[in-house]
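[1] With the sequence up front, the predicted model follows.
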Amino acid sequence: MIRLQSIGVSFNTPSSRRNPTQSVEVLRNLSLDCRDGSFTVVIGESGCGKTTLLNVIAGFLTPTSGSVSLDGSAITGPGAERGVVFQSDTLLPWQTVQENVVFGLRLAGWGKEKRAEKAHEYLQLTGLADYADYAIDKLSGGMRQRVSLARALAVDPRFLLLDEPLGALDALTRERMQEHLLQVWHRSGKGMFMITHSVEEALFLATDLVLLRARPGRVESVHQLEFGQRFAAGESARSIKSDPSFVRLREEILEQLLQNEVKHDEVKYETNKEAWAA
């Protein structure tokens with residue numbers, strides 16, 4: 001598993017002419033386990049440190065304090081066991097769908113035949129087998145994200161880290177991609193770690209739903225859920241999302257997020273009022 005223990009992250013940012021820099025605490029004493037085969041989804045108000053947390057797990061960012069490890073070995077940088085899918089598809093427009101999917105394998109020195117076999121496997125998994133020779137600019141936004149997903153899967157990581165991969169899609173495409181993500185997760189057996197701003201999306205996808213509280217970011221609660229597993233077992237998305245337990249939990253989490261935001265605004269007001277009075 002991936003284990004985060006007492007993670008803290010602080011950044012130095014420009015402040016004013018009198019105080020050129022100030023330290024901003026983004027994450028504080030954050031501990032979390034991401035199990036093999038789980039679908040961990042992190043949600044929280046804007047500025048709670050979701051992307052910072054993903055960057056720590058990906059190895060793009062070294063925490064100020066605490067430790068992050070995979071099976072007990074410290075994570076000190078990016079690694080092939082952790083694939084990343086960004087909100088922007090980051091595809092190479094001069095390459096075909098298949099060429100994009102096997103890009104990492106080509107860099108790793110795989111032969112042409114083996115690359116083609118692996119590309120076919122993951123294009124089948126992501127529903128893109130008929131588009132292998134298409135140019136990237138001929139694809140819709142949802143299809144481009146599926147190519148990104150296939151490319152990340154092709155190098156066979158244990159965990160996929162998903163940085164709001166559906167945020168730029170229209171509502172209908174986003175719902176279809178949610179279903180597709182669950183199908184890929186179920187068939188591949190990969191561990192997933194995803195951040196999102198959508199409460200409904202988080203509830204539908206997650207086996208482990210992590211609610212972060214902001215400024216600094218820390219874990220507010222963790223919910224163990226089965227909605228995504230119900231979809232993987234054959235229940236329809238509409239049935240699941242209209243389930244009274246789904247609706248009730250969605251409203252509870254929305255209320256919690258709104259309360260946290262109000263509390264933050266109140267603290268910010270009091271802090272600013274003292275500064276203004278001085």
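    Here it is on my side, so go on.
[2] mind checking the SS state of Glu117?
    Following DSSP: H, G, I helix; E, B strand; the rest coil, the label given to Glu117 is helix.
[3] Now do the same contact list for it.
    Applying Cβ atoms under 8 Å, 6 or more residues apart in numbering to Glu117 gives no contacts. From N, CA and C alone the C-beta is placed, and that goes for glycine too.
[4] go on, Leu161?
    Counted by Cβ under 8 Å, 6+ apart, Leu161 has contacts 54, 57-58, 82-85, 193-194.
[5] Partner strands of the one helix or strand it maps to, with direction?
    Per DSSP states H and E: Leu161 is located in strand 159-163. Strand 159-163 pairs in its sheet with strand 82-85 (parallel), strand 191-195 (parallel), by DSSP bridges.
[6] Relative to Glu179, how far out is Thr173?
    Going from Thr173 to Glu179 by Cβ to Cβ, to the nearest Å gives 11 Å.
[7] sorry, back to before: quick one: closest of the strands paired with strand 159-163 to Gln5.
    strand 191-195 (16.2 Å; Cβ to Cβ).
[8] still on that earlier bit, helices and strands around the helix or strand following the strand holding Leu161, which ones?
    Of the helices and strands lying after strand 159-163 in sequence (DSSP H and E), the nearest is helix 171-188. If contacts are counted by 3 or more Cβ pairs under 8 Å, 6 or more residues apart in numbering; DSSP states H and E, helix 171-188 sits against helix 112-125, helix 141-154, helix 199-205, helix 227-232, helix 237-241.
[9] Relative to Gly217, which of those helices is closest?
    That would be, of those and by Cβ to Cβ, helix 199-205, which comes in at 16.0 Å.
[10] How far off centre is the helix or strand just after the closest one?
    Later in the chain than helix 199-205, the nearest helix or strand by DSSP H and E is strand 208-213. From the chain centre to the centre of strand 208-213 is a distance of 12 Å (Cα atoms, centre = their mean, to the nearest Å).
[11] on that earlier part again, any idea of the angle the strand holding Leu161 forms with helix 141-154?
    150 degrees (axes from the mean of the first three to the mean of the last three Cα atoms, to 10 degrees).
[12] Just the CA trace of strand 159-163, in CSV.
    What follows is strand 159-163 as a C-alpha-only set of coordinates in CSV (Å, rounded to 0.1, in the frame of the first residue of the first chain):
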residue,chain,number,x,y,z
PHE,A,159,-1.5,2.8,-8.7
LEU,A,160,-3.1,5.4,-11.0
LEU,A,161,-3.1,9.0,-9.7
LEU,A,162,-5.9,11.0,-11.3
ASP,A,163,-5.7,14.8,-11.0
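[13] Contacts for stretch 91-111, please.
    114-116, 118-119, 122-123, 128, 131-137, 139, 144, 147-148, 150-151, 154-155.
[14] From Glu226, how far off is Arg3?
    From Arg3 to Glu226 the distance is 23 Å (Cβ to Cβ).
[15] who's more crowded, those two?
    Arg3 (16 against 13; other Cβ atoms under 10 Å).
[16] isn't there a helix covering the more buried one?
    No. Under three-state DSSP, Arg3 sits outside any helix and is assigned strand.
[17] That one and Leu30 touch, don't they?
    No. If you go by Cβ atoms under 8 Å, Arg3 and Leu30 don't touch, sitting 11.5 Å apart.
[18] follow-up on the earlier one: taking the mean pLDDT, what do you get for the strand holding Leu161?
    For strand 159-163, mean pLDDT is 92.
[19] now the angle between helix 171-188 and that strand, please.
    Going by the same axes, to 10 degrees, strand 159-163 makes 170 degrees with helix 171-188.
[20] how far does stretch 73-88 sit from the chain's center?
    Using Cα atoms, centre = their mean, the offset of stretch 73-88 from its chain centre is 11 Å.
[21] Please work out which residues outside it touch it.
    For stretch 73-88, the surrounding residues in contact (Cβ under 8 Å, 6+ apart) are 2, 54, 57-60, 62, 67-70, 145, 148-149, 152-153, 155-165, 167-168.
[22] Return the set of buried residues in that stretch.
    Judged by neighbour count (16 or more other Cβ atoms under 10 Å), stretch 73-88 contains these buried residues: 75, 81-85, 87.
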